[in-house]
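Chemist: 3D model of this:
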Amino acid sequence: MGSQGQKVAGYLVGSDASGQGLEDAGTGEDGEHLFMYQIGPDGPPTLSATAMSWNGGAKPWLHPSQAYTMRVDMTEPNGASDLTTVEIQLASNILTSPLSFTWDFRTDSCVSNSIHLIIHDCNMLALDGTTAGPYEKETRLVTELELAWTTPDLGETFREPSVKIIDRAGQEVLQTFPALRWRFSPALMIPQESVSLVLTQGTVLEDGARLPPTSPFELTGGLMFETTETIPNFNCSVDVMFAGQTYTAETYDGIWNVELQSPPTSGTIPLTWSVGCLPPQGVDATERESSVKWMIVDGLGPEPKEVQTPRPGSVLTAEEHQVTIVLSEEGGIDFESLRLAWWVEDTVTGEFIRGGDSPFLLQGTEISGLNLIGTGTMDLSVITDDMLIDRFTVYVLIEGRDLAGNLVLGGEGQSAGNAVTSWLMKWRQPKFELDTPAMEYSRLNLQTGDSTAVQIFVKNVGDLDGTSSATISVVRADGTSEILRQTEIDVPENGLGTILIDWAPEQEGLQWIEVVLDSGATGNGPSVDVRPQSDPSFTEAVFGDVNPVLGAIGALLGLSIILALLLMARNATVRRGAKSEYEWDEYSDYLDEDEDDYADEDEDLELNEPINDSSPVETASVQPASTAQATTADGWTQGSDGIWWWQNQQDGSWWYKDANGEILQYK
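Modeler: Numbers count the residues shown, from 1 in each chain. Presented below is the predicted three-dimensional model:
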């Protein structure tokens, strides 16, 4: 009924008594027949040594809950319709658990009796991927499966797959595949290198991070099977433990992320993580020793401890200055963020004048410790001399942060942004002092009603022209005082000014001039003992205020002239005779009497002891004799002001030695 390779189709033809044809009896048209078979010899199915394969290549390790696709290519000379069953064992060498499943021709599906094997899909296809027809000799069984977590973990023991095919005639073929041996591993792990911190503040360290309190941050990482580093196809949870709480993060494509926040108190807190989705048979292969990050919560920024240069209290000039400040920071400073900021303000109004900044460099390589020395510069040359007529204050602060993100504190523990210290700038202003000596009198020998010119010397040691007020008073030994004048004097920078007044003492006794400047400088003039007004002596009546020595010299010159005239007259008289001789004798007697009178007056002026003009004399203010410091054998007494005094016991007059050693009468 046909030759080899031909196909035979069967269908029914007929009708009932009424002539109605058979329904669903098939026809001779292609695809409408009831059945069909092909004529050929009944040969067994065959499998090659490479008939089995995994999608993606050989799988030395298989993992639970992972979807795998297996392909088995087979040959059936009588077509796929001659196949009865195809049995696949994933672990044919493990008799207790071969992990087998069977494809059945009648149901065109796969069934497994193993609790460790889950079959998702199973199809017999042609090699081109289409559904295999009944006469398809080359077919491929494609199966999608996964292993359950309950699959026994045999460690390093290999499992060897095999395939057995049985046709309708009972012919079968069995083929093992040693090249596809595999092992099972349920171990998941979180690789240390995949875990990272994402901070909003602070600094990531090698073993963790340093951050301020209540600072949000994130922890992210990956998840994979330990042996193959394969990312799980399923979603898994990761448990993160921090500050006494456990946070759960779900993985997506093997990546997980959890948001955290540092506690409000400072301290070192461990941050750990582990796989959270494992059933009892699962293994967390994450390294416990390395699955921790130490989160150092630091709420205190670097603190300035000491300002070394310029020294506190220094007055700064308008030039560049190096600023050296000692910091204290236990956790570590972000040295790259440090800068020295400075600004100048008007001391009175607080108005901003100038400002700037510069790098603040730490000395050495240490970034943590109690004595971290850093330096920066501030260029105050932007402040001109004309500006310095106002009073300015210079402030500095250190900008930057520590590794936790805390800003550098201000001075004396103040919050960040406050100045570390301040200095006054050199203020261009006049500064008045009294010269040495502060004043001079034109005369020291005074009686009530006498006048002396007083010169007061004021010097400006500042660096700006200015005006000083002066209060000039007379101070008496009995403690009373009286203001003579209040005046002002203009003195140029580094100059000397003179105040000139006339002083006429109205009271007797020891007294002196005192001057007080508005700067507080005080100076006293020499002390003078003002005597009461007295009748003039003969010499005073004759010479007045003229120096007696000069008066005596003038008198001698006049007397010499008179004597010369008399001598000339005598010579003339001799020539005239005796009468003239008599007249000359009478006139000469009269001259002798006058000379005796002058001699008596000179004796009244003689001192009790000779005066040594070469003795040293110290110039000082006149003091009363009652406060004498020393007395010589010849009756001279040195006052507290250093002036030597002597009193004539005959007439009670006082005599003193001036700065040149000359002896003068005190009037």
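
Chemist: helices of this protein, start to end?
Modeler: 538-543, 548-576, 578-605 (DSSP state H).

Chemist: so where's the stretch 501-650 of the chain shaky on pLDDT?
Modeler: Along the stretch 501-650 of the chain, segments meeting pLDDT under 70 span 535-549, 551, 572-630, 640-641.

Chemist: repeat for the chain
Modeler: Checking the chain against pLDDT under 70 turns up 1-6, 35-41, 535-549, 551, 572-630, 640-641, 667.

Chemist: outline the domain layout of it.
Modeler: 52-184, 187-297, 303-425, 433-530, 534-606, 607-667 (automatic domain parsing).

Chemist: make TSV out of these and add distance to residue 14 and mean neighbour count.
Modeler: All C-beta spots, glycine's among them, are computed from the backbone N, C-alpha and C. Formatted as TSV, those follow (distance: least, C-beta to C-beta, whole Å; neighbours: other C-beta atoms under 10 Å):
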stretch	distance to residue 14	mean neighbour count
domain 52-184	26	17
domain 187-297	58	17
domain 303-425	96	17
domain 433-530	139	16
domain 534-606	184	11
domain 607-667	168	15
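
Chemist: would you mind putting these into JSON lines with distance to residue 16 alongside?
Modeler: Shown next, in JSON lines, are these (distance: least, C-beta to C-beta, whole Å):
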{"stretch": "domain 52-184", "distance to residue 16": "32"}
{"stretch": "domain 187-297", "distance to residue 16": "61"}
{"stretch": "domain 303-425", "distance to residue 16": "98"}
{"stretch": "domain 433-530", "distance to residue 16": "141"}
{"stretch": "domain 534-606", "distance to residue 16": "185"}
{"stretch": "domain 607-667", "distance to residue 16": "169"}
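
Chemist: so which of those comes closest to residue 8?
Modeler: domain 52-184 (12.0 Å; C-beta to C-beta).

Chemist: would you put the C-alpha positions of stretch 383-395 in CSV?
Modeler: Provided in CSV are the C-alpha atoms of stretch 383-395 (Å, rounded to 0.1, in the frame of the first residue of the first chain):
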residue,chain,number,x,y,z
ILE,A,383,44.0,100.2,54.7
THR,A,384,45.6,103.6,53.8
ASP,A,385,47.1,106.1,56.2
ASP,A,386,44.2,108.5,55.5
MET,A,387,41.7,105.9,56.6
LEU,A,388,43.6,105.3,59.9
ILE,A,389,42.4,108.6,61.3
ASP,A,390,39.4,106.5,62.3
ARG,A,391,39.7,103.7,64.8
PHE,A,392,39.6,100.3,63.2
THR,A,393,39.4,96.7,64.6
VAL,A,394,40.6,93.7,62.7
TYR,A,395,38.7,90.4,63.1
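
Chemist: spatially central residue for the protein, please.
Modeler: residue 398 (2.6 Å; C-alpha atoms, centre = their mean).

Chemist: that one against residue 335, yeah?
Modeler: No - the pair residue 398 / residue 335 is not scored as a contact, 11.4 Å apart, by C-beta atoms under 8 Å.

Chemist: do you know how far the residue lying closest to residue 252 once chain neighbours are set aside is from residue 414?
Modeler: Of all residues beyond its chain neighbours, the one nearest residue 252 is residue 235 (6.5 Å), with distances taken as C-beta to C-beta, 6 or more residues apart in numbering. Remark: distance between residue 235 and residue 414 (C-beta to C-beta, to the nearest Å) = 51 Å.

Chemist: give me the beta-bridge partners of the residue nearest to residue 59 when sequence neighbours are not counted?
Modeler: In this structure, residue 59 finds its nearest non-sequential neighbour in residue 182, 5.4 Å apart by C-beta to C-beta, 6+ apart. Listed beta-bridge partners, residue 182: residue 159 (assigned using DSSP bridges).

Chemist: and residue 182, what does it touch?
Modeler: 59, 60, 61, 62, 90, 158, 159, 161 (C-beta atoms under 8 Å, 6 or more residues apart in numbering).

Chemist: how about 7 Å then?
Modeler: Residues near residue 182 by C-beta atoms under 7 Å, 6 or more residues apart in numbering: 59, 60, 61, 62, 158, 159.

Chemist: I'd like to know how far the fourth one sits from residue 275.
Modeler: In other words, residue 62. Taken as C-beta to C-beta, the span from residue 62 to residue 275 is 19 Å.

Chemist: what do you get for the last one?
Modeler: The span separating residue 159 from residue 275 equals 25 Å under the rule C-beta to C-beta.

Chemist: the first one too?
Modeler: According to C-beta to C-beta, residue 59 and residue 275 sit 22 Å apart.

Chemist: same thing with the second one?
Modeler: Relative to residue 275, residue 60 is positioned 22 Å away (C-beta to C-beta).
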